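Asker: show me the folded form of this:
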Amino acid sequence: FARQPRRPDNLHRSLNVEPDRLRQILCRRDERFVSRQLALSYEKKRIILEPNELSLGAVGKYVDLYEFADGSLEIVKDGIPLPYTMFDKEQRVTHAAVTENKRLGEVLAFIKEQQEINPPKIRRVGKQRTRYEPTGRKPTGCKSWLDKRAERRASEAAQRQLPPAE
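Answerer: Next comes the predicted model:
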């Protein structure tokens, strides 16, 4: 990898893009639907927009969500960033939080005990969510044509095996 270039000149072209615009180009961009509660979801996190004139106009519409390389998020509607608060749906109480907060120590300890009793559910994603699990019960209602044919063939076989009536 340590080869000398053929020409010592710098042949890179200058980039005629503003640094802020370059940051928006080099990020992950996604569209999210804003519910009536001014909320949207992103990577198991609930994002709630602060109510203002622009965010109230985004209800029932899609907004642009930018995730930058440093991990920060920006929600944009019509080129204007919207203020928001974020909640992690799978946030757990740690032992450090119990010991640091002396006033809420008993409440946090109780919450931690409840979380240890009920461990977090492992959520399936994609098609596995709707995987069929048999219950062992027969379906009620109309018989299918396969069931009717099987019954007819069974009755015909039973008639063939009986001796003729005299």
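Asker: pLDDT on the longest helix along the chain, on average?
Answerer: If you go by DSSP state H, the chain has its longest helix at helix 145-161. Throughout helix 145-161, pLDDT has a mean value of 90.
Asker: ok, now stretch 17-27?
Answerer: 81.
Asker: next SSE downstream of the helix or strand of the chain with the lowest mean pLDDT?
Answerer: Lowest by mean pLDDT, DSSP states H and E among the helices and strands of the chain is helix 95-100, with a mean of 59. Moving toward the C-terminus from helix 95-100, the next helix or strand (DSSP states H and E) is helix 105-117.
Asker: isn't Ile25 right up against Val17?
Answerer: Yes - if you go by C-beta atoms under 8 Å, Ile25 and Val17 touch, sitting 7.2 Å apart. (Each C-beta comes from the backbone N, C-alpha and C, glycine too.)
Asker: what are the C-alpha coordinates of the longest helix of the chain, in PDB please?
Answerer: Taking Å, rounded to 0.1, in the frame of the first residue of the first chain, the C-alpha atoms of helix 145-161 are listed here in PDB:
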ATOM      1  CA  TRP A 145     -64.400 -31.200  -0.600                       C
ATOM      2  CA  LEU A 146     -61.500 -33.400   0.600                       C
ATOM      3  CA  ASP A 147     -63.300 -34.400   3.800                       C
ATOM      4  CA  LYS A 148     -66.500 -35.100   1.800                       C
ATOM      5  CA  ARG A 149     -64.600 -37.300  -0.700                       C
ATOM      6  CA  ALA A 150     -62.900 -39.200   2.100                       C
ATOM      7  CA  GLU A 151     -66.300 -39.900   3.800                       C
ATOM      8  CA  ARG A 152     -67.800 -41.000   0.500                       C
ATOM      9  CA  ARG A 153     -64.900 -43.400  -0.200                       C
ATOM     10  CA  ALA A 154     -65.100 -44.800   3.300                       C
ATOM     11  CA  SER A 155     -68.800 -45.500   3.000                       C
ATOM     12  CA  GLU A 156     -68.300 -47.100  -0.500                       C
ATOM     13  CA  ALA A 157     -65.600 -49.400   0.900                       C
ATOM     14  CA  ALA A 158     -67.800 -50.300   3.900                       C
ATOM     15  CA  GLN A 159     -70.700 -51.300   1.500                       C
ATOM     16  CA  ARG A 160     -68.300 -53.500  -0.600                       C
ATOM     17  CA  GLN A 161     -67.200 -55.400   2.500                       C
END
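Asker: no more questions from me, cheers.
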